[in-house]
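*Asks:* Pasting a predicted model and its sequence here:
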Amino acid sequence: MSVLAQQLLLGLLIGGLYGLAAAGLSLVFGVLKVLNVAHGELIMLGGYGTFWLVTLLGLDPFASLALVLPLALAGGLALYWALFGFVVRADEETRVKNSLLIGFGLALALHALAVRLWTADERAVVTPYGGAVLGVGGLSIPLVRLLSLALAFALIAALHLLLRHWRWGKAIRATAEDWQAALLAGIDVRRAYLLAFAIGTGLAGAAGTLVSIGYSISPSIGLEWTLKALIVVVLAGLGSMLGTFVSGLFLGVAEAVSAAAFGGPYREVAGLVIFVLVLVLRPRGLFGR
């Protein structure tokens, strides 16, 4: 039982990263109806950003988030203006098809660029407190992963409040529900698209920072994190950022239970089974509106 409890705890800790990684993808798809399959590569770039800030400037990895987040937001603005701004001019069905093509091309380009610049070797952020562990009730809680979970929740909560109370946050929500009605109400839909895409990219960069602190990074992690984010988005449905975070926690726990019951190699099977079951039984997701 103690081993199972430890596995469940670790599942919760990584589930927070799943939720944060999926939040940006959910926001972009929910508002723009654009499926950015290069989302995992954006997470990978955020991880490399933190790695080099720590290596070259000696910053604390958690403090590097203050630089990575605005840089990722700026990168999101550039990507929208250069690539995805043309996609949103089409009807919603065409947007998904075109965004898939652009996303796959972007993912391949970013992966090749990362290999060219930094090789395919795995890298990890080393901190003085990296091995610190908190003992609670016979369970061992890695301090770094606990801090990552807390930061992930704080970012999701901030996004939730932003969408609820910020003027442009309300405009983004209105555009997600019905862009034509939002346009008739005087909302600048193109600006709402731009802000939503930039925020989604910023969340991907923040997720990359937290991934690089607790795990190793390499150019090949992009596909893995894109798949995790897609599973969480399908599980949660569209309409709730907090629901997306909870679904990430659920996926982490499900993987932990699968690994404890059937062994480590079957860890990934849990996510795929959940993906199929939710699509069949509740296509709108657990928290979809």
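*Replies:* Received, thanks.
*Asks:* Give me the neighbour count for G47.
*Replies:* 30 (other Cβ atoms under 10 Å). Backbone N, C-alpha and C define where each C-beta goes, glycine included.
*Asks:* S216 is in contact with that one, correct?
*Replies:* No - contact between G47 and S216 fails when scored by Cβ atoms under 8 Å: they sit 9.0 Å apart.
*Asks:* How are the helices of this protein distributed by residue range?
*Replies:* Taking DSSP state H as the criterion, the chain carries its helices at 2-32, 39-57, 65-79, 85-87, 92-118, 143-165, 167-177, 179-184, 189-214, 221-236, 241-262, 267-281.
*Asks:* Tell me the buried residues in the first one?
*Replies:* By 16 or more other Cβ atoms under 10 Å, the buried positions in helix 2-32 come out as 6-32.
*Asks:* And for the shortest one?
*Replies:* Residues of helix 85-87 classed as buried by neighbour count (16+ other Cβ under 10 Å): G85, V87.
*Asks:* ok, now how distant is L77 from V37?
*Replies:* 20 Å (Cβ to Cβ, to the nearest Å).
*Asks:* Counting neighbours, go ahead and name the busier of those two.
*Replies:* Neighbour count, other Cβ under 10 Å: between L77 and V37, V37 has more, with 22 against 17.
*Asks:* Excluding covalently adjacent residues, which one is nearest to the more buried one?
*Replies:* Spatially, and ignoring its direct neighbours in sequence, V37 is nearest to G103 (3.8 Å; Cβ to Cβ, 6 or more residues apart in numbering).
*Asks:* In this structure the one you found contacts G40, no?
*Replies:* No - using Cβ under 8 Å, G103 is not in contact with G40; the gap is 10.1 Å.
*Asks:* Which of these two has more residues huddled nearby?
*Replies:* For G103 versus G40, neighbours defined as other Cβ under 10 Å are more numerous around G40 (28 against 21).
*Asks:* So that one versus L17, what's the distance?
*Replies:* 12 Å.
*Asks:* The helices of the chain: which one's closest to V126?
*Replies:* helix 39-57 (8.0 Å; Cβ to Cβ).
*Asks:* and the gap between the closest residue to L134 other than its chain neighbours and L149?
*Replies:* Excluding the flanking residues, the one nearest L134 by Cβ to Cβ, 6+ apart is I141, at 4.3 Å. Per Cβ to Cβ, I141 is found 10 Å from L149.
*Asks:* before we move on, what about V234?
*Replies:* From V234 to L149 the distance is 22 Å (Cβ to Cβ).
*Asks:* swap in G47?
*Replies:* 17 Å.
*Asks:* Equivalent analysis for R284, please.
*Replies:* For R284, the distance to L149 - Cβ to Cβ - is 27 Å.
*Asks:* now swap in K170 and tell me
*Replies:* 29 Å.
*Asks:* These two - which one has more neighbours?
*Replies:* For K170 versus L149, the count of surrounding residues by other Cβ under 10 Å is larger for L149: 23 against 15.
*Asks:* tell me the contacts of that one?
*Replies:* For L149, the contacting residues are L12, L13, G16, L17, by Cβ atoms under 8 Å, 6 or more residues apart in numbering.
*Asks:* make it 7 Å
*Replies:* Neighbouring residues of L149 by Cβ atoms under 7 Å, 6 or more residues apart in numbering: L13, G16.
*Asks:* G186: neighbouring residues, count only.
*Replies:* G186: 7 neighbours (other Cβ under 10 Å).
*Asks:* I meant to write L59 there.
*Replies:* L59, neighbours per other Cβ under 10 Å, totals 16.
*Asks:* Nearest residue to the middle of the protein?
*Replies:* A21 (1.3 Å; Cα atoms, centre = their mean).
*Asks:* List the single closest residue to it in space, sequence neighbours excluded.
*Replies:* Leaving out its chain neighbours, the residue that sits closest to A21 by Cβ to Cβ, 6+ apart is A207, at 4.3 Å.
*Asks:* just wondering, since we're on the one you found, how far is it from A150?
*Replies:* For A207, the distance to A150 - Cβ to Cβ - is 14 Å.
*Asks:* Name the residue in those two with the higher neighbour count.
*Replies:* Taking A207 and A150 together and counting by other Cβ under 10 Å, A207 has the greater number of neighbours (32 against 11).
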